[in-house]
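Asker: Take this sequence and fold it.
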Amino acid sequence: MTILSVNINKIATLRNSRGGNIPNVVEAAINCQKFGAEGITIHPRPDERHIKRQDVYDLKPVITTELNIEGYPSEDFLKLVTEVKATQVTLVPDSPDQLTSDHGWDIPANKQFLTDIIYRLKKEGIRTSVFVNPDSKIIEEANIIGTDRIELYTESYAAVYEKNPEKAIAPFVKAAKTAHMLGIGINAGHDLNLKNLKYFIDVIPYVKEVSIGHALIADALYLGLRNTIREYLECIK
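Answerer: Numbering: from 1, shown residues only. As a prediction, the model looks like this:
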């Protein structure tokens, strides 16, 4: 069964635009879970332009589902995620000034680096996921470095979906089959929304988790957070 993890970065972005604590990211996380989300995702960046370091510590005690923390595995990031004992850490190859994640790891070029990071996280009892493009060869490399899961970067799917759903999803089906055959768990995220999510899950039913933030928070402006989460849950169940 696929679970929905709500990325609350955009709530923090809105708060930071005015200072203060409105909207409150801790309250948002509590409500997301109350309304049915089965996980909370955050991506603290070095410049703290959305989720701040203190937010991570404040959020941990209220997470009753799963806490997924995304980020580039710098020493500061690794210290943070191990101190709060994240349920899952999703490793992304983002530079410090990157606007948003826009590509997966080149695992062959970073094999030893990622192997060492994954080993460190597993020793702490933290599930690992590696952000990747839908490329079966890269996923085979992901198996070698020992990650528990991959997260398929779905921007290319979302970009083509409305014109040609079958073409859009074809590389993801192939990549997901490779991961499934190798026993790697499959997550997915980036630009998934109420229009394209159901088809993705219907065609790739063994996706374990979708992490959705931007589209979900935007939908909540019109539908309300409770109704929005309910509609996303309908797409995956």
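Asker: going forward, measure contacts between C-alpha atoms and count neighbours the same way
Answerer: OK.
Asker: residues of the strand or helix carrying residue 229 that come out buried?
Answerer: Element membership for residue 229 (DSSP states H and E) is helix 225-236. Under the neighbour-count criterion of 16 or more other Cα atoms under 10 Å, helix 225-236 has 225, 226, 228, 229, 232, 233, 235, 236 buried.
Asker: what would those residues look like in CSV with distance to residue 181 and pLDDT?
Answerer: Formatted as CSV, the buried residues of helix 225-236 follow (distance: Cα to Cα, whole Å; pLDDT from 0 to 100):
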residue, distance to residue 181, pLDDT
225, 36, 98
226, 36, 98
228, 34, 98
229, 31, 98
232, 28, 98
233, 27, 98
235, 25, 97
236, 22, 95
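Asker: Include distance to residue 164 when you put the residues you listed into CSV, please.
Answerer: Output for the buried residues of helix 225-236, formatted as CSV (distance: Cα to Cα, whole Å):
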residue, distance to residue 164
225, 30
226, 31
228, 26
229, 26
232, 22
233, 24
235, 19
236, 21
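Asker: Relative to residue 163, which of the residues you listed is nearest.
Answerer: residue 235 (19.8 Å; Cα to Cα).
Asker: Roughly how far does the residue lying closest to the closest one once chain neighbours are set aside sit from residue 169?
Answerer: Spatial nearest neighbour of residue 235, chain neighbours left out: residue 198 (4.5 Å); criterion: Cα to Cα, 6 or more residues apart in numbering. The gap separating residue 198 from residue 169 is 12 Å, by Cα to Cα, to the nearest Å.
Asker: okay, these two: which has more neighbours?
Answerer: Under the criterion of other Cα atoms under 10 Å, the comparison of residue 198 against residue 169 puts residue 169 first, with 22 against 19.
Asker: Contacts for stretch 34-42 next, please.
Answerer: 3-9, 29, 32-33, 51, 63, 65-70, 211, 225-226, 229-230, 233 (Cα atoms under 8 Å, 6 or more residues apart in numbering).
Asker: what sits against the one residue sitting closest to the centre of the chain?
Answerer: Nearest to the geometric centre of the chain sits residue 211, at 4.2 Å (Cα atoms, centre = their mean). If a contact means Cα under 8 Å, 6+ apart, then residue 211 has 4, 5, 6, 7, 41, 187, 188, 189, 190 as its contacts.
Asker: Would you reformat the residues you listed as CSV and include pLDDT and secondary structure?
Answerer: Converted to CSV, the contacts of residue 211 look like this (pLDDT from 0 to 100; DSSP: H, G, I helix; E, B strand; the rest coil):
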residue, pLDDT, secondary structure
4, 98, strand
5, 98, strand
6, 98, strand
7, 98, strand
41, 98, strand
187, 98, strand
188, 98, strand
189, 96, strand
190, 94, coil
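Asker: where does the closest residue to residue 51 other than its chain neighbours land in three-state SS?
Answerer: The shortest distance from residue 51 to any non-neighbouring residue, by Cα to Cα, 6+ apart, is to residue 44 (4.9 Å). Secondary structure for residue 44, judged by DSSP: H, G, I helix; E, B strand; the rest coil, is coil.
Asker: State the phi and psi torsions of residue 44.
Answerer: Main-chain dihedrals, residue 44, degrees, to the nearest 10: phi -70, psi 120.
Asker: so what's it up against?
Answerer: 50, 51, 52, 53, 56, 69, 70, 71.
Asker: Please report how far it lies from residue 127.
Answerer: For residue 44 relative to residue 127 (Cα to Cα), the value is 18 Å.
Asker: returning to what we had before: how close does the residue nearest to residue 51 get to residue 8?
Answerer: Taken as Cα to Cα, the span from residue 44 to residue 8 is 11 Å.
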